[in-house]
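Colleague: turn this into a model:
(one chain, ligands or ions: 3)
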Amino acid sequence: MNLHRTPIAATDAVQAVMKHRKKGRKENVPLSECFGRILGEDLIATHPVPPFHKSPYDGFAFRSQDTKELSRDQPGHFIVNETVPAGHRAEHSIEKGQAVRIMTGAEIPDGADCVAMFEICQTYEEGNRSYVTLKRPLQPNQNIIEKGSETKEKEVLVESGAYINPGVQALLATFGYAEPLVFTKPKIGVFATGTELLDVEEELQPGKIRNSNAFMILSQIERSGGNGVYLGKLDDDFETCYQAVSNALDHVDALLTTGGVSVGDYDLMPDIYQKLEADVLFNKVAMRPGSVTTVAKVEDKLLFGLSGNPSACYVGFELFAFPIIQSFVGRNQMYHQRITATLGKDFKKPNPFTRFVRGFISYERGNVYVYPTGMDKSAVVSSLAKTNVLIMLRGGTRGYEKGDAVEAIMLDDQQRQVEF
Ligand SMILES: Nc1nc2c(c(=O)[nH]1)N[C@H]1C(S)=C(S)[C@@H](COP(=O)(O)OP(=O)(O)OC[C@H]3O[C@@H](n4cnc5c(N)ncnc54)[C@H](O)[C@@H]3O)O[C@H]1N2
Ligand code: MOO
Ligand SMILES: [Mg+2]
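Modeller: Ligands and ions are numbered 1, 2, ... in the order given. The predicted structure follows:
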């Protein structure tokens, strides 16, 4: 076992991994299942919006030229021959001296060019006919939502690579995209290694712990838009691990393992990479936690060797696996949003390496603060529960103080940025 590893900067490590990114496949999916997916085609207006001149109000449609001279003292009386509900067309075009009763969203009848709300009209019946009285002039186009006034036909409204939020769902429905083309979720295999690991339903036993990393990672994959596939936990036995990893590589787009990447007697991943003849991109990163994170490439597949320590595993995923998954799912921007915020609490521990402190964001009277969530050791699991940012503290000889401006990586946000 070679104990001497050369650490590379976290940013360089991210670049090294991202050189091997791939764009994903695409598939058509029923619209009802598209929320949260990434659009694989431009969303183009297949017709103008609205597709016809329509009324914004419940009221009466008139010919504006018939209303020019009207006033309180000189009201106009119009014959009403028809009512047009939304979804229907008027049977007749309106002629001089006529009006049509029209509902919100209904198509403006031919001949009409303005609408008055019910509230400013009076109606009455006389000799079996319906009339409406209007006491003011209306302008041409007054209260008409014109055809194409919102969107012209063929306009690109959302580009391929966009996240499908509720608004995009509305547009897809508007334009008849019953089965939009979206990026296929990449299949990301997960193995947890460690003879000490128990299944969740097992009783605690001496020296053993329950496997928490697998469940954490599977939800991180889901949050990233990937399809996490749990392949099980593996004892620290070389042949078992080698066979399992080697076989799994054929069936996934990328493979994540947790544990066994450091220099211990039962840390088997380095030997497995060797036997697989993998190209190890790096096996030491100048960061805390997650310094032992290793990324290797076997043929065209990336193999992420995440640390067994829960916090290190969590951070290693967000820095290296997350952007690769963004590429697979078709995002044009692949990195977590990063903001500048005010540190809400002292963080005095100096470190030569860049620290990614698990933290949470807090909005206080319009200002953005970030707070460390708790114990900041690599082996800690409890501080992950409240985590929704990673506070990025550059390495140095002194710590950070409450009030310092710091960078924070947003983990729950759907917005992405172009650069790490
Ligand atoms: N001599 C050295 N020792 C260590 C070094 C070093 O540089 N020199 N690095 C330390 C650092 S940093 C880390 S991080 C850990 C990384 O360890 P491994 O990735 O090899 O992981 P394991 O040894 O398998 O396990 C570490 C720790 O995590 C627990 N674990 C493992 N899997 C899970 C799981 N699925 N769920 C919950 N907890 C898990 C495991 O029981 C251990 O306690 O190495 C340091 N050592
Ligand atoms: O890989 Mo370790 O997490 O730096 O403590
Ligand atoms: Mg170890």
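
Colleague: residues in contact with residue 130?
Modeller: 79-81, 101, 123-124 (CB atoms under 8 Å, 6 or more residues apart in numbering). Backbone N, C-alpha and C define where each C-beta goes, glycine included.

Colleague: so which residues on this structure come close to ligand 2?
Modeller: 288-292, 307, 309, 312, 378 (CB under 6 Å from any ligand atom).

Colleague: still on that earlier bit, which one of the contacts of residue 130 is nearest to residue 194?
Modeller: Among the contacts of residue 130, residue 101 lies closest to residue 194 (CB to CB), at 75.0 Å.

Colleague: what about the closest one, neighbour count?
Modeller: 21 (other CB atoms under 10 Å).

Colleague: likewise residue 170?
Modeller: Around residue 170 there are 10 residues (other CB under 10 Å).

Colleague: for it, phi and psi?
Modeller: According to degrees, to the nearest 10, the main-chain angles of residue 170 amount to phi -60, psi -40.

Colleague: in strands, which of the residues of the chain next to ligand 2 appear?
Modeller: residue 288 (DSSP state E).

Colleague: how about the CA coordinates for stretch 219-238, as CSV?
Modeller: Output of stretch 219-238 as CSV, limited to C-alpha atoms (Å, rounded to 0.1, in the frame of the first residue of the first chain):
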residue,chain,number,x,y,z
SER,A,219,-31.3,10.5,-1.5
GLN,A,220,-28.5,12.8,-2.7
ILE,A,221,-28.7,11.0,-6.1
GLU,A,222,-32.4,11.5,-6.2
ARG,A,223,-32.1,15.2,-5.2
SER,A,224,-29.6,15.5,-8.1
GLY,A,225,-32.1,14.1,-10.6
GLY,A,226,-30.4,10.7,-11.0
ASN,A,227,-31.7,7.2,-10.5
GLY,A,228,-29.9,5.7,-7.6
VAL,A,229,-29.7,1.9,-7.6
TYR,A,230,-28.7,0.3,-4.3
LEU,A,231,-26.5,-2.7,-5.1
GLY,A,232,-26.1,-3.8,-1.4
LYS,A,233,-23.4,-3.7,1.2
LEU,A,234,-20.2,-5.6,0.9
ASP,A,235,-17.9,-7.2,3.5
ASP,A,236,-14.3,-6.0,3.4
ASP,A,237,-13.2,-9.1,1.4
PHE,A,238,-11.1,-8.5,-1.7
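
Colleague: same question for that stretch, mean pLDDT?
Modeller: Averaged over stretch 219-238, pLDDT sits at 98.

Colleague: can it be found next to ligand 3?
Modeller: No: using CB under 5 Å from the ion, stretch 219-238 stays clear of ligand 3, coming no nearer than 8.9 Å.

Colleague: so what's the gap between that stretch and the chain middle?
Modeller: 21 Å (CA atoms, centre = their mean, to the nearest Å).

Colleague: list the buried residues for it?
Modeller: For stretch 219-238, a neighbour-count test (16 or more other CB atoms under 10 Å) marks 220-221, 223-229, 231, 233-234, 236 as buried.

Colleague: stretch 140-153 now?
Modeller: Here stretch 140-153 shows 143-145, 147-148, 151 as buried, counting by 16+ other CB under 10 Å.

Colleague: can you check stretch 121-140 too?
Modeller: Neighbour-count burial for stretch 121-140 [16+ other CB under 10 Å]: 121, 130, 132, 134-135, 137-138.

Colleague: and the strands in the stretch 251-400 of the chain?
Modeller: For the stretch 251-400 of the chain, the strands defined by DSSP state E, counting those that start in this stretch occupy 254-258, 279-282, 287-288, 294-298, 301-306, 335-336, 338-343, 354-364, 367-372, 389-393.

Colleague: mind exporting the last one as CSV, just the C-alpha atoms?
Modeller: Right, strand 389-393. The C-alpha coordinates for strand 389-393 follow below in CSV (Å, rounded to 0.1, in the frame of the first residue of the first chain):
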residue,chain,number,x,y,z
VAL,A,389,-25.4,24.5,2.4
LEU,A,390,-21.7,23.8,2.5
ILE,A,391,-19.9,26.8,3.9
MET,A,392,-16.6,27.0,1.9
LEU,A,393,-13.8,28.2,4.1
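
Colleague: now that strand: average pLDDT?
Modeller: Rounded mean pLDDT across strand 389-393 is 97.

Colleague: which helices and strands does it pack with?
Modeller: With contacts taken as 3 or more CB pairs under 8 Å, 6 or more residues apart in numbering; DSSP states H and E, strand 389-393 sits against strand 338-343, strand 354-364, strand 367-372, strand 405-410.

Colleague: any residues touching the third one, and which ones?
Modeller: When you say that, I think you mean strand 367-372. 339, 341-345, 347, 357-363, 383, 389, 391, 406, 408.

Colleague: swap in 10 Å and give it another go.
Modeller: 339-347, 349, 355, 357-363, 383, 386-393, 400, 402-403, 406-410 (CB atoms under 10 Å, 6 or more residues apart in numbering).

Colleague: now the strands of the stretch 251-400 of the chain as JSON lines including mean neighbour count and distance to residue 14?
Modeller: Below are the strands of the stretch 251-400 of the chain laid out as JSON lines (neighbours: other CB atoms under 10 Å; distance: least, CB to CB, whole Å):
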{"stretch": "strand 254-258", "mean neighbour count": "27", "distance to residue 14": "15"}
{"stretch": "strand 279-282", "mean neighbour count": "17", "distance to residue 14": "10"}
{"stretch": "strand 287-288", "mean neighbour count": "24", "distance to residue 14": "10"}
{"stretch": "strand 294-298", "mean neighbour count": "22", "distance to residue 14": "10"}
{"stretch": "strand 301-306", "mean neighbour count": "25", "distance to residue 14": "12"}
{"stretch": "strand 335-336", "mean neighbour count": "21", "distance to residue 14": "8"}
{"stretch": "strand 338-343", "mean neighbour count": "17", "distance to residue 14": "12"}
{"stretch": "strand 354-364", "mean neighbour count": "20", "distance to residue 14": "12"}
{"stretch": "strand 367-372", "mean neighbour count": "19", "distance to residue 14": "21"}
{"stretch": "strand 389-393", "mean neighbour count": "24", "distance to residue 14": "12"}
